[in-house]
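Asker: Build me a structure from this.
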Amino acid sequence: MNRNAYRQYSQVQIKTANKGKLIVMLYQGAIRFMKKALIQLEQKDMEGKGKSLIRAQDIVLELLYALDQDMLAKGNELALNLQRLYLYCYRRLVRANVDMNPEPIKEVAELMASLLEAWEKVVGSQVEPEAEKQVQPRVAITG
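Answerer: Take a look at the predicted model:
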C-alpha cells in the first residue's frame with residue numbers, strides 16, 4: 001500500500017472512531033514511536049530518534065488534553081492519577097531525548113502498554129454488545 005493511501009485510510013479511521021477507540025489509537029501510536037526511537041538510538045540515528053520521541057511526547061500531551069476537565073476539577077482520583085502519570089511520562093521522554101538514554105523510553109513504553117491493555121478491554125466491552133446485536137443472524141422461513 002502506498003504512503004498516500006495509508007494516510008488517507010488512517011485519516012478515515014480517526015475521523016470515524018469513537019473517543020475510546022481514539023484513545024487506544026493514541027496509545028498504539030505512542031508505543032510505536034517509542035519503539036522506533038529505541039531502534040534509532042541503537043543505530044545512532046540521533047535526528048530520527050529525536051523526531052520519534054517528539055512524536056511520542058506530542059501523543060502523551062494529546063492524552064493529557066483528552067482528560068475530562070470537569071472530572072479533574074472535581075478531584076476525581078482516576079483522572080488526577082492519569083494526569084500525573086501522563087506528565088511523568090512526558091518528562092521521562094524529554095529526559096530520554098536530552099540524555100540519549102533508552103531506559104526512560106523503555107519505562108514509558110511499558111507503562112503505556114499496560115494502559116493500552118486496560119483501554120482495549122474498556123473499549124472492547126463497550127463495542128461487543130452492540131456488535132452482537134448487528135451480527136445476529138435472522139432466519140426467514142418461507143413456505
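Asker: Give me the neighbour count for Gly48.
Answerer: Other residues lying near Gly48 total 15 when counted by other Cβ atoms under 10 Å. C-beta: built from backbone N, CA, C; applies to glycine.
Asker: Quick check: which element contains Leu115?
Answerer: Per DSSP states H and E, Leu115 falls inside helix 102-135.
Asker: Quick check: closest non-adjacent residue to Gln83.
Answerer: Leu67 (5.8 Å; Cβ to Cβ, 6 or more residues apart in numbering).
Asker: contacting residues around the one you found?
Answerer: 79, 82-83, 86 (Cβ atoms under 8 Å, 6 or more residues apart in numbering).
Asker: Give me the buried positions along the helix or strand where Ile59 lies.
Answerer: Using DSSP H and E, the element containing Ile59 is helix 46-66. Applying a neighbour-count criterion of 16 or more other Cβ atoms under 10 Å, one finds 49-50, 52-53, 55-57, 59-60, 63 buried in helix 46-66.
Asker: Selection in ChimeraX covering whichever of the contacts of Leu67 are buried, please.
Answerer: Remark: buried members of the contacts of Leu67, expressed as a ChimeraX selection using 16+ other Cβ under 10 Å:
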select :79,82,83,86
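Asker: Grab the nearest non-local neighbour of the residue nearest the centre of the chain.
Answerer: Residue closest to the mean C-alpha point of the chain, counted by Cα atoms, centre = their mean, is Tyr27 at 1.3 Å. If the residues on either side of it in the chain are set aside, Tyr27 comes closest to Leu116, at 3.9 Å by Cβ to Cβ, 6+ apart.
Asker: before we move on, the earlier item: what does the residue nearest to Gln83 show for phi and psi?
Answerer: phi -60, psi 140 (degrees, to the nearest 10).
Asker: Please determine how far it is located from Gln40.
Answerer: In this view, Leu67 and Gln40 are 30 Å apart by Cβ to Cβ, to the nearest Å.
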